[in-house]
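Chemist: Structure for the following, please:
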Amino acid sequence: MLPPEAVSQLGMGLLEISPALSFEIELDAMGQVSLNQVHPSWVRVQRCSYEEVDALIQQSPFQELYRLAASYKSRRQKNRALTGKVG
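Modeler: Sure thing, here's the model as predicted:
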């Protein structure tokens, strides 16, 4: 948890355009990370409902990102990654 002074300056969506850190990664077809860098950036936050997100995830580029995330999750589970689930 951040102190209130930090939240007022760093909380995403509190301003029209918020400061952020953007993570640049490249993934191959199997979801392996081949490049990663961190960049200071500015973002415009758009609030969405679950229904809106479900519709967006069917479109490019989100559809491809979702497929890569599912592939990565599957590979982690096959390699017996810890999931945080009990039982």
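Chemist: Which segments of the chain make up each domain?
Modeler: Listed domain ranges for the chain are 12-47, 48-81 (source: automatic domain parsing).
Chemist: ok, the spatially most central residue of the chain to Thr83 distance?
Modeler: When the chain is reduced to its mean C-alpha position, the nearest residue by CA atoms, centre = their mean turns out to be Phe23, at 9.1 Å. When distances are taken as CB to CB, to the nearest Å, Phe23 and Thr83 turn out to be 22 Å apart. Backbone N, C-alpha and C define where each C-beta goes, glycine included.
Chemist: try Ala20
Modeler: Ala20 sits 28 Å away from Thr83, taking CB to CB as the criterion.
Chemist: Who has more neighbours out of the two?
Modeler: Here Ala20 and Thr83 are set side by side on neighbour count (other CB atoms under 10 Å), and the busier one is Ala20, at 14 against 9.
Chemist: Secondary structure element holding the more buried one?
Modeler: Using DSSP states H and E, Ala20 falls within strand 18-27.
Chemist: What residues sit buried inside that strand?
Modeler: Taking 16 or more other CB atoms under 10 Å as the basis for neighbour counts, the residues of strand 18-27 that come out buried are 18, 27.
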